[in-house]
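> Next one to model:
(one chain, ligands or ions: 2)
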Amino acid sequence: MTADNALRIRFERIGCGDAPAREDDEETMSDATTTPMFEIENLHASIEDKEILKGVNLTINKGEVHALMGPNGSGKSTLAYVLAGHPSYEVTEGSIRFNGEDILEMDPDLRARKGIFLAFQYPTVIPGVSMANFLRMAVTSVRNSRAEEAAATGGSAQPITPREFRRLMKEKMALLKMDDSFATRYLNEGFSGGEKKRAEILQMALLEPTVAILDETDSGLDIDALKVVSEGVNALAGPEMGVLLITHYQRLLNHIKPDFVHIMMAGRIVQEGGPELAHELEAKGYETLRADVAAHLQLDAAELLAATS
Ligand SMILES: Nc1ncnc2c1ncn2[C@@H]1O[C@H](COP(=O)(O)OP(=O)(O)OP(=O)(O)O)[C@@H](O)[C@H]1O
Ligand SMILES: [Mg+2]
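Ligands and ions are numbered 1, 2, ... in the order given. Okay, the predicted model is just below:
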């Protein structure tokens, strides 16, 4: 494994196959002070000719925490994959801009190097690769890339030294209350559900992304682990970072306070609000909303279930 393929390997393990060839990007960067950090506009995406995302609009700015909720099968993980560049999904319409730059043609590892991180709903095993080795390669790839970018723009940033990496990994593992023995184990092999989720957040902690998409990181965590992981996320998220938290449950949002809550149904965001929306949802469930959405989309009963279940 090399630093260059460390980031890609995560996607290959979830069955993405080869990432499409990256085209040299000649887009000009817009002024970051006036440009939204992460801007998703009218996003339509399909897999195997089945349209899953049907016009998603979402903007995440620096320092904001957005929660994305919605019934099973509504398209939340699909959105997460499409944002991270999973090559099995085809974007058929719309745009994704990161700091003003169109990222649709970028492969997953370039997106990761630019600062987009996805914690998978179902992290997979990477046999034969120890967690420490994997993380060192992934961090090296991101740091090298940042150092090159800084050099190109006249600044300076250093690639990470092995010693610095060891210190950083120890520090972040302590933050997430992970036993040192995890460092030498093969990534996710034999990890319990909760340990896998913690390992995803450790990756986030080391990669220091600009935007973190956490897909049901709370599922499978026991009550104590939920607290530790949430505290970890809160410690990492700061004014420079945007977070998209995909979750089914309000309880995560008691620990990580969202600024905005979005509800997805049938491949669209159908309702948005503040943290109170998650409480409302917890109390009422999706039924009323489902009926409203179906009426709005002018679907009959059978189509309704198919489109919003
Ligand atoms: N490879 C595929 N082929 C056909 N349909 C697919 C494929 N991948 C995803 N889908 C469908 O896309 C829809 C959205 O799935 P997605 O995983 O995004 O839902 P979700 O909102 O994350 O659900 P959950 O809350 O259960 O995690 C589902 O109906 C799913 O069956
Ligand atoms: Mg999902």
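
> what sits against Asn234?
255-256 (Cβ atoms under 8 Å, 6 or more residues apart in numbering). To be clear about C-beta, it is placed using only N, CA and C from the backbone, and glycine gets the same treatment.

> pLDDT at it, what is it?
On pLDDT, Asn234 comes in at 95.

> what does Val270 give?
Val270 carries a pLDDT value of 94.

> Can you name every helix or strand that the helix or strand harbouring Glu39 contacts?
Using DSSP states H and E, the element containing Glu39 is strand 38-47. Applying 3 or more Cβ pairs under 8 Å, 6 or more residues apart in numbering; DSSP states H and E, one finds that strand 38-47 contacts strand 50-60, helix 76-84, strand 90-98.

> Pick the most buried one from these.
Of all these, helix 76-84 has the most neighbours on average by mean count of other Cβ atoms under 10 Å, namely a mean of 23.

> related to what we said a few turns ago, tabulate the helices and strands packed on strand 38-47 in a markdown table, adding columns for mean pLDDT and distance to ligand 1.
Formatted as a markdown table, the helices and strands packed on strand 38-47 follow (pLDDT from 0 to 100; distance: least, Cβ to the nearest ligand atom, whole Å):
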| stretch | mean pLDDT | distance to ligand 1 |
| --- | --- | --- |
| strand 50-60 | 97 | 4 |
| helix 76-84 | 98 | 3 |
| strand 90-98 | 98 | 12 |
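
> Redo the ones you listed as CSV? Include distance to ligand 2.
Formatted as CSV, the helices and strands packed on strand 38-47 follow (distance: least, Cβ to the ion, whole Å):
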stretch, distance to ligand 2
strand 50-60, 11
helix 76-84, 3
strand 90-98, 18
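
> Would you mind putting those into CSV with distance to Arg185 alongside?
As requested, these are exported to CSV (distance: least, Cβ to Cβ, whole Å):
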stretch, distance to Arg185
strand 50-60, 33
helix 76-84, 25
strand 90-98, 33
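
> if we can go back for a sec, which parts of the strand holding Glu39 are buried?
Within strand 38-47, the residues scored as buried using 16 or more other Cβ atoms under 10 Å are 38-40, 43-46.

> I'd like to know which of the residues you listed is nearest to Asp109.
Taking Cβ to Cβ as the measure, Asp109 lies nearest Phe38 of the buried residues of strand 38-47, at 18.0 Å.

> Next to ligand 1, which bits of the chain? Give me the list.
The chain comes close to ligand 1 at residues 47-48, 50, 52, 70, 72-78, 121, as judged by Cβ under 6 Å from any ligand atom.

> Just want the angle from the strand holding Glu39 to strand 50-60.
Counting by axes from the mean of the first three to the mean of the last three Cα atoms, to 10 degrees, strand 38-47 lies at 170 degrees to strand 50-60.

> what's strand 38-47 in contact with?
The contact list for strand 38-47 (Cβ under 8 Å, 6+ apart) reads 51-61, 78-79, 82-83, 88-98, 116, 211, 242.

> ok, the residue lying closest to Pro36 once chain neighbours are set aside - contacts?
The shortest distance from Pro36 to any non-neighbouring residue, by Cβ to Cβ, 6 or more residues apart in numbering, is to Thr59 (4.7 Å). Thr59 makes contacts with 36, 38-40, as judged by Cβ under 8 Å, 6+ apart.

> can I get the residues you listed in TSV with pLDDT?
Converted to TSV, those look like this (pLDDT from 0 to 100):
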residue	pLDDT
Pro36	92
Phe38	97
Glu39	97
Ile40	98
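
> Go through this protein and flag its longest helix.
helix 131-152 (DSSP state H).

> buried stuff in that helix?
Residues of helix 131-152 classed as buried by neighbour count (16+ other Cβ under 10 Å): 131-147.

> Which positions in whichever strand or helix holds Met264 come out as buried?
Using DSSP H and E, Met264 maps to strand 260-265. Neighbour-count burial for strand 260-265, counted by 16+ other Cβ under 10 Å, picks out 260-265.

> can you tell if it touches ligand 2?
No: applying Cβ under 5 Å from the ion, one finds strand 260-265 out of contact with ligand 2, separated by at least 10.1 Å.

> Can I get the following helix or strand past that strand in CSV, CA atoms only?
Going down the chain from strand 260-265, the next helix or strand is strand 268-273, by DSSP H and E. Extracted in CSV, the C-alpha atoms of strand 268-273 (Å, rounded to 0.1, in the frame of the first residue of the first chain):
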residue,chain,number,x,y,z
ARG,A,268,-35.3,14.9,-1.9
ILE,A,269,-35.0,17.1,1.1
VAL,A,270,-38.6,17.7,2.0
GLN,A,271,-38.4,19.6,5.2
GLU,A,272,-35.8,21.8,6.9
GLY,A,273,-35.6,23.5,10.3
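
> Can you name the element that comes right after strand 268-273?
According to DSSP H and E, the helix or strand after strand 268-273 is helix 276-284.
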